[in-house]
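In: here is my input, please return the structure:
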Amino acid sequence: MARFNSSKGPSQRQLRVAENVRHALIQVLQRGEIQDPLLENAVISVSEVRMSPDLKIATCFISPLGGQDVGALVKALAANAKSIRRHLTPHLGNMKYMPDFRFRPDESFDNYAKIDALLRDPWVARDVEPDHEDEGDSPA
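Out: Next up is the predicted model:
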C-alpha cells in the first residue's frame, strides 16, 4: 500500500481533481444556484482548490471582488456547503466520492503586497540595486 508523503506535495491526480472542482464551483456560483441573499449578489473569485490525498475534502480559497467582507462570505459558503455539494454532483459525476467542502479566505494577495512593500523598503532596495561606484573602474 502506498503511503502519502506530505513533503512531496500534491499528486497529479489531486491537482487534476482540484482544478475540475474549481471550475465546477465557479460555474455553480456564477449561475446563482445557491439560494443565499449574501451569495446571490456577491462576485467571488475561487483562486485555488486543494484536495486531500484521499480526495474526500476540498479546501476552496476564495476572495470577494468589489470590497465585500470575506469573513461573511466564508461563513455563508460554509453554511451552504451541503447545498453546494449537491449542486456540484452533476458536474463531478465521475468521482467515486463527492468531497466535503471547506472554504478559506485567500490571503495570497496580502502576502504579495507585504513582499512588495518589503522590496520597496529603502533598506532592502540599497542591497538589491547594483553598485554604481565600480562602473568607472571596469575596463570597456
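In: in this structure, which residue is most central in space?
Out: Nearest to the mean C-alpha position of the chain, by Cα atoms, centre = their mean, lies residue 48 at 2.8 Å.
In: in the strand or helix carrying that one, what's buried?
Out: If you go by DSSP states H and E, residue 48 is part of strand 43-51. For strand 43-51, burial by neighbour count (16 or more other Cβ atoms under 10 Å) applies to 44, 46, 49, 50, 51. In this view, the C-beta of every residue, glycine as well, is placed from N, C-alpha and C.
In: residues near residue 58, how many?
Out: Burial of residue 58 is recorded as 25 neighbouring residues (other Cβ atoms under 10 Å).
In: so it touches residue 100, yeah?
Out: Yes: counting by Cβ atoms under 8 Å, residue 100 is a contact partner of residue 58 at 7.1 Å.
In: show me what the following helix or strand past the strand holding residue 48 is packed up against.
Out: Next in sequence after strand 43-51, counting helices and strands by DSSP H and E, comes strand 57-65. Contacts defined by 3 or more Cβ pairs under 8 Å, 6 or more residues apart in numbering; DSSP states H and E place strand 57-65 against helix 12-31, strand 43-51, helix 70-79, strand 100-105.
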